[in-house]
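Engineer: Prediction below, plus the sequence it came from.
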Amino acid sequence: MSYDQNPYGDQRRGDDRRRAHDSRAGGYDSYQRAGGEGYRGQRPAGGHRGQRPSSDAYGRTGSYGAGAGARGYASDPRAPRGDAYARDRRAGGYSAGVTSSRAGDSSRRRVASRDGRSAAPRQRGRYQDAPQLGGGDRRRASGSYARQGAGNRYSTPTGGRSSSRGRDQAGRRSANGRGGAPKIGMPRLTTSAFSAHGRGGMPAGGGRRVDFAGARPAIIGIACVAICAIVGILLWSNRKVDIKLNGEDFSVRVNSTCEQVISAAELSPKAGNLVSVSGKNLEDGAGYAFTATLGGNELSSEDAAAYRVAGGDELEIADGGDRMEDYDVQVMQESPQLEMGGDAWGNITYISQWPKPGSYEMRTGKRSGEEARGDTLEETQNAIITVHQIVPDDGRKLVALTFDDGPAEKYTEAYLDILDKYNIHATFYNLGQNIEAYPDIAKKVIDQGSEIQSHTYQHAQLTKLDASALQSEFSSAFQDIKDNAGTDTTAFRPPYGDFNENAWLNSGGLASVSVLWNQDSLDWKRPGADAIVQNSLKGITSGSIILMHDGGGNRDQDVEALPTIIETLQGEGYEFVTVTELMKSDSSIPEDIASGNATMPEGCVWPTEIKGDDDDATTAATTAAASGDGSGED
């Protein structure tokens with residue numbers, strides 16, 4: 001690039017501002033101001049004759065001049081061809097020198113200053129000499145970049161000739177070649193990276209050298225390693241592994257799909273059929289293509305599609321299953337039902353499972369238009385009523401005394417005195433209306449250590465009441481017991497022992513356990529004290545409940561018979577307990593029921609219908625057992 005084309009130079013015009021290149025001497029004219037000072041930042045350009053010197057990249061002048069202590073460029077018309085740059089060690093500046101290389105002599109370095117005095121040779125270290133290229137008339141100027149001092153860090157590249165012997169440091173220029181001095185601030189490359197004995201250019205910059213020729217083997221090595229790794233990965237990912245296929249050894253490419261295994265093993269599983277939501281066949285062969293079982297576990301269609309073979313797998317491929325048609329789904333709510341269960345007969349009947357509503361899918365086939373029940377979304381819990389005979393754990397001999405129809409003004413307190421005498425407790429099934437009449441007596445029952453449970457409010461036959469009336473009987477009696485005796489209970493004894501499946505359905509879940517009896521004293525017939533004793537002890541076993549009365553009539557025979565009953569059973573090793581204590585002795589009874597005050601949990605809904613149609617046998621057996629003992633007065 002000529003000086004006229006230099007975008008950074010001082011493009012001043014006029015013959016008075018430029019000096020022609022001296023073609024005969026091979027020197028350079030420098031730009032000088034009046035008084036012999038050169039323009040700042042300019043330096044001579046090496047190269048062919050007639051080339052113009054470049055100016056500073058910023059067009060600054062005045063920093064390079066003649067004399068000690070100033071930097072500048074000058075041409076020596078007396079010097080032979082082949083310029084070199086040297087830095088005046090004393091002044092810290094640059095001057096233009098000439099070196100002769102035609103005659104093959106050793107290059108001599110001169111420093112021409114404005115007053116003709118020689119400057120000290122350039123100091124090595126911080127600044128790099130411009131490259132010296134030789135070669136006679138065929139020499140071409142190489143682009144060089146002159147460094148300047150701390151006052152101006154950047155300079156404009158120029159051309160110049162240099163001798164191969166003018167290398168400043170070992171390895172910084174190529175031998176017998178062409179190159180350029182590095183530009184300050186850029187990485188310096190050795191000429192070996194371009195050409196060992198030929199033309200080459202050195203990129204601008206200073207700093208560390210990067211030897212591309214030395215890096216080539218490393219790059220080739222890395223590429224070889226990468227290729228080997230890729231080949232290894234391909235070989236590893238396409239290796240064959242041994243599996244068990246339908247019970248036989250088989251080799252197949254690792255990560256094969258089920259379809260690829262079927263193809264490789266030449267299997268021919270038969271596809272299933274397309275069926276409706278109700279299971280009717282709609283189209284042959286339109287079902288699942290095959291059935292896959294891995295390690296004994298059948299895979300779903302999604303898992304089978306995602307499966308990939310691994311070594312040691314035990315895979316079975318069989319005919320495909322039927323596929324259901326596409327369908328629309330509607331979520332349906334399902335109400336619980338009431339069902340009876342348990343023993344054929346027992347002295348208690350309780351709620352063994354509280355009812356909870358559920359939900360399920362109702363499917364409508366898009367092809368068939370059929371409707372059918374689908375998956376259960378939330379399991380429905382029916383109200384399960386369990387009939388049970390209490391059996392105390394560990395063979396304990398326990399028995400419970402019970403008294404109905406109280407509290408009574410005369411007889412209830414007489415019974416309490418007898419119980420205190422023998423240090424035992426009993427269970428009193430009180431009527432709500434009688435508790436309201438004798439609240440003090442009801443409180444005495446609790447104070448004695450015995451317990452009170454419900455006998456309904458006014459002794460109505462519950463099986464003949466509708467749901468509203470029946471629930472009123474329960475709620476009123478339970479509330480009276482709580483308000484007057486200070487105790488909560490949901491246990492009851494049905495009047496006449498009559499409480500069947502329909503009555504449970506109508507109860508609304510207010511009661512938790514119905515308590516009957518094993519021994520009926522038949523005291524309501526007034527058969528005499530001895531007969532009452534015999535009836536109370538006949539066939540008694542551990543877990544039995546004895547029925548007597550403290551209200552509803554004259555109970556003098558009961559008061560007379562009671563001490564004998566207690567003494568006889570105690571003599572046989574029986575222990576008298578309340579009904580609640582008796583239920584707690586049987587671990588098969590749920591704890592909330594055994595407590596005598598269980599209530600329907602939150603989230604439960606009492607059923608409005610009975611499950612099934614053939615439940616009369618259980619109801620009849622329960623009713624007969626309760627009423628067949630002549631307890632019509634109970």
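Structural biologist: All right, it came through fine.

Engineer: for Ala226, helix, strand, or coil?
Structural biologist: Following DSSP: H, G, I helix; E, B strand; the rest coil, Ala226 is assigned to helix.

Engineer: ok, it - how many residues close by?
Structural biologist: Residues lying near Ala226 (other C-beta atoms under 10 Å) number 10. Backbone N, C-alpha and C define where each C-beta goes, glycine included.

Engineer: And the one 10 residues further on, by the same measure?
Structural biologist: When neighbours are counted by other C-beta under 10 Å, Trp236 registers 9.

Engineer: Kindly list the main-chain dihedrals of it?
Structural biologist: Torsion angles at Trp236 (phi, psi; degrees, to the nearest 10) stand at phi -70, psi -40.

Engineer: if I look at it, how far off is Arg253?
Structural biologist: For Trp236, the distance to Arg253 (C-beta to C-beta, to the nearest Å) stands at 11 Å.

Engineer: How many residues are close by Ala306?
Structural biologist: Residues lying near Ala306 (other C-beta under 10 Å) number 11.

Engineer: One more: Glu575?
Structural biologist: Glu575 has 17 neighbours, counted by other C-beta under 10 Å.

Engineer: Dump stretch 255-266 to CSV, keeping only the CA atoms.
Structural biologist: Taking C-alpha atoms only, stretch 255-266 is exported to CSV below (Å, rounded to 0.1, in the frame of the first residue of the first chain):
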residue,chain,number,x,y,z
ASN,A,255,-31.1,-52.0,22.7
SER,A,256,-33.3,-53.7,20.1
THR,A,257,-37.0,-53.0,20.4
CYS,A,258,-39.6,-55.7,20.7
GLU,A,259,-40.4,-55.4,17.0
GLN,A,260,-36.7,-55.8,16.1
VAL,A,261,-36.5,-58.9,18.3
ILE,A,262,-39.6,-60.3,16.7
SER,A,263,-38.1,-59.7,13.2
ALA,A,264,-34.7,-61.0,14.2
ALA,A,265,-36.2,-64.2,15.7
GLU,A,266,-38.7,-64.6,12.8
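
Engineer: Report the buried residues of it.
Structural biologist: Residues of stretch 255-266 classed as buried under the neighbour-count rule (16 or more other C-beta atoms under 10 Å) are Ser256, Cys258, Val261, Ile262, Ala264.

Engineer: What of stretch 537-550?
Structural biologist: Under 16+ other C-beta under 10 Å, the buried positions of stretch 537-550 are Leu537, Ile540, Ser542, Gly543, Ser544, Ile545, Ile546, Leu547, Met548, His549, Asp550.

Engineer: quick one: average confidence on it?
Structural biologist: Stretch 537-550 carries an average pLDDT of 97.

Engineer: where does the residue nearest to Asp319 when sequence neighbours are not counted land in three-state SS?
Structural biologist: Spatial nearest neighbour of Asp319, excluding adjacent residues (C-beta to C-beta, 6 or more residues apart in numbering): Lys270 at 4.3 Å. Per three-state DSSP, the secondary structure class of Lys270 is coil.

Engineer: Toward the C-terminus, what is the element adjacent to the host helix or strand of Glu361?
Structural biologist: Counting by DSSP states H and E, the element that carries Glu361 is strand 358-365. Sequence-wise, the next helix or strand downstream of strand 358-365 (DSSP H and E) is strand 371-378.

Engineer: angle of that following strand against strand 358-365?
Structural biologist: 150 degrees (axes from the mean of the first three to the mean of the last three C-alpha atoms, to 10 degrees).

Engineer: in the very next helix or strand once past strand 371-378, what's buried?
Structural biologist: Next helix or strand after strand 371-378 toward the C-terminus (DSSP H and E): strand 383-388. Using 16+ other C-beta under 10 Å as the test for burial, strand 383-388 gives Ala383, Ile384, Ile385, Thr386, Val387, His388.

Engineer: pLDDT weak spots in the chain?
Structural biologist: Filtered on pLDDT under 70, the chain yields the residue ranges 1-214, 613-634.

Engineer: What are the boundaries of the helices in it?
Structural biologist: 212-237, 258-265, 301-306, 411-422, 432-437, 439-448, 467-480, 501-506, 529-537, 556-571, 579-584, 591-594, 616-627 (DSSP state H).

Engineer: Need those helices in CSV (columns: distance to Asp322).
Structural biologist: CSV is the format used below for the helices of the chain (distance: least, C-beta to C-beta, whole Å):
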stretch, distance to Asp322
helix 212-237, 36
helix 258-265, 18
helix 301-306, 12
helix 411-422, 71
helix 432-437, 62
helix 439-448, 67
helix 467-480, 47
helix 501-506, 41
helix 529-537, 66
helix 556-571, 67
helix 579-584, 51
helix 591-594, 46
helix 616-627, 41
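
Engineer: Having no further points to raise, I will conclude here.
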